[in-house]
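Visitor: Following is a predicted model, sequence given first.
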Amino acid sequence: MNNRDELFNIARTLEDIIPDSKINSKDLFQIKKGSFLEYNDKTFYVKETINYQERKNNKIIDSWDECEAICLEEDGNTYFVEVDEDDGLKIYFSHTVLKIKDLNIKKNELKYIVENEEYLKYDGVKFYYEDDYKAYISNSDEQVYFIDFEDENGNYLTIEKYEDSEFRAYISSIVNNVKVIKL
């Protein structure tokens, strides 16, 4: 997004900010389209939220939320923020969006990496296979295939395959200082 007028109009909706004394990490589970986040002294507008669900025998066994957020200070650069409460509150903040070709691997090589729990390299860094799984987008039958890798510094490389699209890849890190400043 590079439309400065649109960014200006979004920024004008930022009123009734939650005071620091009332900010609660539980607010992260109430993020919705139109919410505002603060991270590293930058403001992010939530364009969209998605709930993913892992299901087994039509029962939800795990779920997590992800939001697409644009940074107002960076001319609308897009980031993804995932909130998960598995083993305590975890916030994953994507800082790099990739295409599968950026990883210099072919689809058959990716299949081999997953089957043999190998690693892949990006920008000189080894990301080791961690897990692969399928999840559904909440309230739909659309399935997404995820492959998670982790490097030695705790950064994650996630490859996603939606039913009707190409592979997408993201590099993210666990962060602690994301705040909801407007729900």
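Guide: Everything's here; your move.
Visitor: contacts and neighbour counts: CA atoms only from here.
Guide: Will do.
Visitor: Take whichever strand in the chain runs longest, keep the C-alpha atoms, and write them as CSV.
Guide: For the chain, the longest strand by residue count, based on DSSP state E, is strand 42-56. Taking Å, rounded to 0.1, in the frame of the first residue of the first chain, the C-alpha atoms of strand 42-56 are listed here in CSV:
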residue,chain,number,x,y,z
LYS,A,42,5.6,2.0,15.3
THR,A,43,1.9,2.0,14.7
PHE,A,44,0.1,-0.8,12.8
TYR,A,45,-3.4,-0.9,11.5
VAL,A,46,-5.1,-4.3,11.3
LYS,A,47,-6.5,-4.8,7.8
GLU,A,48,-7.7,-8.3,8.4
THR,A,49,-7.8,-11.1,10.9
ILE,A,50,-7.9,-14.8,10.3
ASN,A,51,-8.6,-17.6,12.7
TYR,A,52,-7.0,-21.0,11.9
GLN,A,53,-8.2,-24.3,13.3
GLU,A,54,-6.5,-27.7,13.4
ARG,A,55,-9.3,-30.2,13.3
LYS,A,56,-9.5,-34.0,14.0
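Visitor: Point out the other helices and strands that that strand packs with.
Guide: When contacts are defined as 3 or more C-alpha pairs under 8 Å, 6 or more residues apart in numbering; DSSP states H and E, strand 42-56 sits against strand 36-39, strand 59-71, strand 125-137.
Visitor: Mean pLDDT and mean neighbour count for those strands - can I get that in CSV?
Guide: As requested, the helices and strands packed on strand 42-56 are arranged in CSV below (pLDDT from 0 to 100; neighbours: other C-alpha atoms under 10 Å):
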stretch, mean pLDDT, mean neighbour count
strand 36-39, 89, 20
strand 59-71, 89, 18
strand 125-137, 94, 17
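Visitor: Right, I'll call it a day here.
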